[in-house]
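K.L.:
Generate a structure from the sequence data that follows.
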Amino acid sequence: MKVFDIHSDLFTDIAWRRSQGETNVFDRIHYPQLKKGGVDSMICVFWVEPAFLQDPITRFRLIFKLVMDDLRTSKHANVCVTVDDMTDAVGSGKINLFLGVEGMSFLEQWGQQSIEDNIENAFDKLHADKIRHTIFVWNEWNALASGTGSPDEPEKRGLTNVGELAVKKANDLNWVLDASHFDESSFWSMHNASTQPMIASHSNAFALCSQERNLTDDQLKAIAARGGLIGLNAFSGFVDKANPTLDRFIDHAVYIADLVGPQHLAFGFDFLDYLSPHDLGEPFSSSTKCLENVTKVPDLLERMTVRGFSSNELEGISFNNAFDYMKKMLK
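P.N.:
Residues are numbered from 1 along each chain as shown. I've put the predicted structure just below:
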């Protein structure tokens, strides 16, 4: 059964390894693991790590260059802007990659005369560079919105005026708007401002794990009502604070499927096993037992069958729901 992972940070590993002189990183390091996990397609994000938040624009541009240089020479990476660009991973030996951004604080340094001009210019440039997805914040607040995990409080929570402008620009470009990392105020601001269905690419059910990044029942229902997607996150802190296990991860799948329907579920695993060797400014090492990395995904699918998901439901959660959403969004 093929898998569409709607949130991956593997670009961070590629950038670090390239900066240390390695080449062919996607093909050598990531492709064999992804193949073992049955991954066919992914949304992979460019993310400015905590260690570089004082100068996010410089870091963003360097990461983008390092990663794109690696993908350009790859035999196994297939960069897509619509589903028409996709190819079957088994037959082609390629993985379909959709490019995204996680955190847009760099917009404030983009270099135009105003933040409004920065948004217009940056979105157009990123669109030309094949990016089709955005999360406005990462554990921070910025000129666009407020998120969870910030060490200080913003003056006002929710989308700002320019954040609403960014939503409109993303809608005009048919980008995927992603609410993961938003606080509740920003979530509802984007829900009200967007004319297109949004996703939460790597967030679980707050009712089962009271982590502020997880989604309340009302949030889950709001995403589903517009035809959006919830991507199940395998990071331990979002699964269970005391006992993050494979079955507890599946509990989130069962809960959300019962609440809004399995057609609104996907996987956004947020695997971080490959980030631990790098000095990112914060430790990223926690994982769910028996779901520590992408090679464990086939075991997950087998266990979900045992837990009562039908083959049609599982094919939807694993791949078809994300494919259908991307087909609808990426025109």
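K.L.:
just checking, what packs against the helix or strand of the chain with the lowest mean pLDDT?
P.N.:
Least confident helix or strand of the chain, by mean pLDDT, DSSP states H and E, is helix 89-92 with a mean of 89. Packing partners of helix 89-92 (3 or more CB pairs under 8 Å, 6 or more residues apart in numbering; DSSP states H and E): strand 39-47. Any C-beta I mention is one placed from the backbone N, CA and C, and that applies to glycine too.
K.L.:
roughly how far apart are the residue lying closest to residue 178 once chain neighbours are set aside and residue 147?
P.N.:
Using CB to CB, 6 or more residues apart in numbering and skipping the chain neighbours, the partner closest in space to residue 178 is residue 135 (4.4 Å). Per CB to CB, to the nearest Å, residue 135 is found 9 Å from residue 147.
K.L.:
Between the two, which contacts overlap?
P.N.:
Shared contacts of residue 135 and residue 147 (CB atoms under 8 Å, 6 or more residues apart in numbering): residue 181.
K.L.:
State the next helix or strand along the chain beyond the helix ranked longest in the chain.
P.N.:
Secondary structure of the chain read by DSSP state H shows that its longest helix is helix 56-72. Per DSSP states H and E, the first helix or strand lying C-terminal to helix 56-72 is strand 77-80.
K.L.:
Name the next helix or strand following the least confident helix or strand of the chain along the chain.
P.N.:
strand 95-102.
K.L.:
Just the CA trace of the helix or strand following that next one, in PDB.
P.N.:
Sequence-wise, the next helix or strand downstream of strand 95-102 (DSSP H and E) is helix 115-128. Taking Å, rounded to 0.1, in the frame of the first residue of the first chain, the C-alpha atoms of helix 115-128 are listed here in PDB:
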ATOM      1  CA  ILE A 115       5.700  44.100   4.400                       C
ATOM      2  CA  GLU A 116       2.800  44.200   1.900                       C
ATOM      3  CA  ASP A 117       5.200  44.400  -1.000                       C
ATOM      4  CA  ASN A 118       7.300  41.600   0.600                       C
ATOM      5  CA  ILE A 119       4.300  39.300   0.600                       C
ATOM      6  CA  GLU A 120       3.400  40.000  -3.000                       C
ATOM      7  CA  ASN A 121       7.000  39.700  -4.200                       C
ATOM      8  CA  ALA A 122       7.900  36.700  -2.000                       C
ATOM      9  CA  PHE A 123       4.900  34.600  -2.800                       C
ATOM     10  CA  ASP A 124       5.300  35.200  -6.500                       C
ATOM     11  CA  LYS A 125       9.000  34.300  -6.300                       C
ATOM     12  CA  LEU A 126       8.400  31.200  -4.200                       C
ATOM     13  CA  HIS A 127       5.600  30.100  -6.600                       C
ATOM     14  CA  ALA A 128       8.000  30.400  -9.500                       C
END
